[in-house]
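Enquirer: okay, predicted coordinates and the sequence, questions at the end:
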Amino acid sequence: MEIVILLGAPGSGKGTLAVELAKVSGIRHLSSGDLLRAAVKDGTPAGMKAKTFMDTGNLVPDELIAEMIEDVVRADTKTQTLLLDGFPRNVPQAEILAGMMARVGVMLRCALLLDVPDDVVIRRISGRRVCPACGAGFNVDTLPPKQDGICDNCSAELIIRKDDKPETVQHRLEVYAAQTFPLIEYYRGAEKLVTIDGSSDDLAWKTQAALQKIRG
Ligand code: AP5
Ligand code: MG
């Protein structure tokens, strides 16, 4: 297995791009946020611990999310390329990941940065709607469902994510700038950073651009 890390601000389109990449290339998408939201929904001990951090737009403790990611990586004996969306989220997590990859025998292919200005991420987050049943993501402005408020895949009623309230979004952007942004220099220094312009709404173009960068 090789790992591709997906970097980008909240609302930069990491999840949307990762789902599309999985469809066209078979790259597996593993989202730390989705893993945590599932744990919260299932009421597991990890989920109960994570909930308050997530609802307020803060990062959950490093060890909590690192253990969840390692469990998935260890259990996966089939995937060739694993796209990590949302992990690592700070330099200590990047160090934890490096140790984990050495233990499990996994290589880092690259860290792909989705570069998107703040005004675009705020606009995208304010239009985001998600399916509580199957996890699919939509946007009332840019990627609307076929029927207003209804999931295209499973017909469940779409909801707004709890952490998408404007004041929480602002805090998530601050957390990103303080804790996650330094990872860009970290992976540039390791000569692993590749970047695509994530501001375009053309998802097909973005997916092809990402594939080209990943395949180098
Ligand atoms: P997480 O779920 O990872 O949230 P995030 O990083 O804030 O990112 P988002 O999911 O909000 O945005 P996205 O980039 O995936 O954008 P999307 O594709 O939806 O984390 C949530 C929380 O979990 C954190 O706050 C933290 O508490 C915790 N957590 C997670 N990982 C952690 C870790 N490693 N350590 C500690 N804590 C952790 O797109 C946004 C919108 O734009 C959508 O509506 C979409 O439809 C639209 N859109 C996207 N791309 C396009 C496009 N090309 N064209 C048109 N519309 C588009
Ligand atoms: Mg996401």
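Expert: Thanks, I have the structure now. Ligands and ions are numbered 1, 2, ... in the order given.
Enquirer: report the central residue of the chain.
Expert: By CA atoms, centre = their mean, the chain has its centre lying nearest to Asp85, at 3.1 Å.
Enquirer: mind pulling up the pLDDT for it?
Expert: Asp85 is assigned 98 on the pLDDT scale.
Enquirer: packing partners of the helix or strand containing Leu112?
Expert: With secondary structure defined by DSSP states H and E, Leu112 is part of strand 107-115. Where contact means 3 or more CB pairs under 8 Å, 6 or more residues apart in numbering; DSSP states H and E, strand 107-115 is packed against strand 2-7, helix 91-104, helix 182-189, strand 193-197, helix 203-215. For every residue, glycine as well, the C-beta is placed using N, CA and C.
Enquirer: with respect to ligand 1, which of the ones you listed lies nearest?
Expert: helix 203-215 (4.1 Å; CB to the nearest ligand atom).
Enquirer: what residues of the closest one count as buried?
Expert: Lys206, Thr207, Ala209, Ala210, Ile214 (16 or more other CB atoms under 10 Å).
Enquirer: ok, residues contacting it?
Expert: Helix 203-215 is contacted from outside by 4, 13, 16-17, 20-21, 24-25, 27, 81, 109-110, 112, 143, 194-198, 200, using CB atoms under 8 Å, 6 or more residues apart in numbering.
Enquirer: repeat that with 7 Å
Expert: With contacts defined as CB atoms under 7 Å, 6 or more residues apart in numbering, helix 203-215 is touched by 4, 16-17, 20-21, 24-25, 109-110, 112, 194, 196, 198, 200.
Enquirer: would you agree Leu82 falls within a strand?
Expert: Yes: counting by DSSP: H, G, I helix; E, B strand; the rest coil, Leu82 is located in a strand.
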